[in-house]
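Participant: pasting the structure only:
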C-alpha cells in the first residue's frame with residue numbers, strides 16, 4: 001500500500017503515522033510543499049494524508065502552490081481513494097468540497113476534550129477523550145458531510161464525506177519532537193483556550209498513549225479496507 005502525504009512546513013510531519021505505517025509495511029511518498037515538490041500521478045498512490053500547517057486555506061496569494069494542491073486533493077477525492085486531512089488538511093478538504101474556511105473567534109491550542117457528534121467505527125473516540133488542538137481557523141461543513149466530533153471551543157472538529165474522506169481538526173499523531181517544534185514556531189499567549197508550554201508538554205505525557213491507540217485504530221479502519229477492496 002502506497003500512501004502519499006502533503007507536508008506544508010518542516011515541523012509538522014507524519015510523526016506517529018510513520019510508526020503506524022512502518023509496522024504495517026506501508027510505503028510513504030511525500031510532497032513537501034515548502035520545497036516546491038511536485039505531485040504524483042493519481043494512479044500512483046492508494047491514499048492521501050494532508051498534514052497541518054500554520055497558514056490559512058484562504059492565503060493563496062501568499063502560498064501560490066495552494067491552488068495546485070487543492071486541485072490535486074480534488075482529483076484524489078474524485079478518484080474514490082481514501083483521503084485523510086489533519087488540521088489544515090481538514091480545512092483544505094472542506095474548502096475543496098465547497099465549505100467556507102475562516103478565522104475562528106479564538107485560537108484553540110492545548111489538550112482539551114472532544115465529544116462524538118455521531119457514531120462511526122472510523123473515529124473510535126470515547127466521550128471526553130482529550131486530544132491536542134492547534135488551530136486558529138474553523139470551517140463550515142461541506143455538502144453531504146457528516147459531523148463526527150465537536151469540542152466546547154469549536155463545533156466542527158471532525159467530519160466524513162462518503163466514507164472515504166475524513167477530516168480531523170486535532171492532532172492524534174503528535175510526538176514529543178513535533179510538539180517541541182510546534183511550540184518553538186508559535187508565539188503562545190495564554191488565553192481561555194490556549195495553554196502555556198509546560199501545560200502542553202505535560203498534556204503529551206498524560207494523553208499520548210491513548211491518542212496513539214485511537215490513531216492506530218482509525219488508520220487501520222480507514223486505509224487498510226480501502227486498499228484491500230481496490231486490489232481484489
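Facilitator: Arrived safely. This one's a predicted model, so the numbers in the text were calculated from it and none came from an experiment. Numbers count the residues shown, from 1 in each chain.

Participant: Show me which strand runs longest in this protein.
Facilitator: strand 101-116 (DSSP state E).

Participant: elements contacting it?
Facilitator: Applying 3 or more C-beta pairs under 8 Å, 6 or more residues apart in numbering; DSSP states H and E, one finds that strand 101-116 makes contact with helix 88-96, strand 129-139, strand 146-151, helix 197-230. The way it works is simple: take the backbone N, C-alpha and C, and place the C-beta from them, glycine included.

Participant: Tell me which residues of it come out buried.
Facilitator: Using 16 or more other C-beta atoms under 10 Å as the burial criterion, the residues of strand 101-116 that qualify are 101, 104, 107-112, 114, 116.

Participant: rank the helices and strands packed on strand 101-116 by mean pLDDT and give me the bottom one.
Facilitator: For the helices and strands packed on strand 101-116, the stretch scoring lowest in mean pLDDT is helix 197-230; its value is a mean of 89.

Participant: And that one, what does it pack against?
Facilitator: Contact analysis of helix 197-230 by 3+ C-beta pairs under 8 Å, 6+ apart lists helix 16-24, strand 47-50, strand 83-86, strand 101-116, strand 129-139, helix 176-184 as its packing neighbours.

Participant: Adding distance to residue 37, write these out as JSON lines.
Facilitator: Written out in JSON lines, the entries for those read as follows (distance: least, C-beta to C-beta, whole Å):
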{"stretch": "helix 16-24", "distance to residue 37": "17"}
{"stretch": "strand 47-50", "distance to residue 37": "14"}
{"stretch": "strand 83-86", "distance to residue 37": "18"}
{"stretch": "strand 101-116", "distance to residue 37": "23"}
{"stretch": "strand 129-139", "distance to residue 37": "24"}
{"stretch": "helix 176-184", "distance to residue 37": "20"}
